[in-house]
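Student: build me a structure from this.
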Amino acid sequence: MPPVLLAVAHGSRDPAALTSIRALLRGVRALRPELTVRCCFLDLARPTLAEALARLAYARPVLVPLLLGTGHHLRVDLPAALAAAGLPPDRLAPALGPHPLLAEALAHRLGEAGAPPDAPVVLAGAGSTDPAALAGTARTADLLAARLGRPVTPAHLSAAAPTPRQAVAGLLAAGHPRVALASYLLSPGHFARRAATTTAATWTGAPLATHPAVARLVLHRYDRARAATEPAAAA
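Tutor: Numbers count the residues shown, from 1 in each chain. Sure, this is the predicted structure:
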C-alpha cells in the first residue's frame, strides 16, 4: 500500500474554512481512491498534528502542507513535529505554492466572479514577515500574469505592503476604471472576508480550496515527496 497522505491544514474557528478543507480532501480521494488520505491541523482545530502523527507514525505518512507559501510553519513547526515522531524530514512535501496549477485556479475564480479579460488584477495573499513567503506570492503573481496575459500586482492582507486596498486604489488612481482582486487564499475566513470587503475592487475571486486544480496539486506534491523517499515504490 502507498504511504498515507497526511494533509496538514492551518486550522480555523470558522466552520466554513474547515468545510472547504474537507471538500478539498474529498476531491483528492476521488482522484486517487486507493490512497489513504487523512487530515490534521496546526492550530484551532483537531486532530492536531501531534495527535495525527501519534496515530500514523507506524505508517510513515507523507505530509502535504495545505499552505500556499513557505513560512515558519513549514521551516520550523513541521520538521520539529516529524522529528518528535521519529520520522525523517524527507517525509514532508513543499508548500502548495507557487505552482502553475494555482494560477489555473486563480484565473478560473476570477472568471467565475465575472472579471473581464482586460481588467487589471491585484493578487491578495495573506501576508507574512518571512521574505520567502512574500517572494512566493510575487512568483504566483507572475504565473497568474503569464496565464492571463496582463500584469498582476501582488499585495498582502497583513504584515507587508502594499495591502490589497492600497494596490487597488493605486490602479484606480492610475486611470483604470475597474480592478479585479484574486484571493490567494485557500479557505473562507477572516482574510477572505477582508479581501472581499476592504477594497474598491469590482470583482473578487473566491478562495481556492474547492477548485479541482488544487486537489491535483495536493497529489502532485505527495507524489514528488514520495518519489524522493521511496523511488522504487513510487515507480
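Student: who's in contact with Ala54?
Tutor: Contacts here follow Cβ atoms under 8 Å, 6 or more residues apart in numbering; on that basis Ala54 touches Ala85. For the C-beta atoms, the positions are set from N, CA and C on the backbone; glycine is no exception.
Student: name the secondary structure element that contains it.
Tutor: Here Ala54, judged by DSSP states H and E, is contained in helix 49-56.
Student: for the helix or strand that that helix is followed by, name the packing helices and strands.
Tutor: Past helix 49-56, further along toward the C-terminus, the next helix or strand under DSSP H and E is strand 62-65. Contacts defined by 3 or more Cβ pairs under 8 Å, 6 or more residues apart in numbering; DSSP states H and E place strand 62-65 against strand 5-9, helix 78-84, helix 212-229.
Student: starting at the chain centroid, how far to the shortest one?
Tutor: The gap between the average C-alpha position of strand 5-9 and the chain average comes to 12 Å, counting by Cα atoms, centre = their mean, to the nearest Å.
Student: angle of that strand against helix 212-229?
Tutor: 120 degrees (axes from the mean of the first three to the mean of the last three Cα atoms, to 10 degrees).
Student: hmm, who's touching stretch 188-205?
Tutor: The contact list for stretch 188-205 (Cβ under 8 Å, 6+ apart) reads 12, 14, 16-17, 20, 106, 109-110, 112-115, 119, 122, 124, 126, 157-158, 164-165, 168-169, 172, 178-183, 185, 206-207.
Student: measure stretch 115-122 end to end?
Tutor: One end of stretch 115-122 to the other measures 12 Å (Cα to Cα, to the nearest Å).
Student: the contacts of stretch 188-205 in strands, which ones?
Tutor: Here DSSP state E is the test, and these give Val122, Ala124, Ala180, Leu181, Ala182, Ser183 as lying in strands.
Student: so what's the spatially most central residue of the chain closest to, chain neighbours aside?
Tutor: The residue lying closest to the centre of the chain (Cα atoms, centre = their mean) is Leu68, at 3.1 Å. The shortest distance from Leu68 to any non-neighbouring residue, by Cβ to Cβ, 6 or more residues apart in numbering, is to Gly97 (4.2 Å).
Student: got a list of what that neighbour touches?
Tutor: Applying Cβ under 8 Å, 6+ apart, we find Gly97 in contact with Leu68, Gly69, Gly136, Thr137, Arg139, Thr140, Tyr184.
Student: got the confidence number for the nearest residue to the last one once chain neighbours are set aside?
Tutor: Among residues not flanking Tyr184 along the chain, Gly125 sits closest, at 4.3 Å (Cβ to Cβ, 6+ apart). The confidence metric pLDDT takes the value 98 at Gly125.
Student: over to Asp43?
Tutor: At Asp43, the model reports a pLDDT of 92.
Student: checking it next. Helix, strand or coil?
Tutor: Taken by DSSP: H, G, I helix; E, B strand; the rest coil, the conformation at Asp43 corresponds to coil.
Student: lowest-pLDDT helix or strand in the protein?
Tutor: helix 231-234 (a mean of 53; mean pLDDT, DSSP states H and E).
Student: one step back: list buried residues within the contacts of stretch 188-205.
Tutor: Buried members of the contacts of stretch 188-205, scored by 16 or more other Cβ atoms under 10 Å, are 12, 14, 17, 20, 106, 109-110, 113, 115, 119, 122, 124, 126, 157, 164-165, 168-169, 172, 178-183, 185, 206-207.
Student: let's see the ChimeraX selection covering just the buried ones among the contacts of Gly97.
Tutor: Of these, the buried ones can be selected in ChimeraX as follows, counting by 16+ other Cβ under 10 Å:
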select :68,69,136,137,139,140,184
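Student: so which of the contacts of Gly97 are in helices?
Tutor: Judged by DSSP state H, helices contain the following of these: Gly136, Thr137, Arg139, Thr140.
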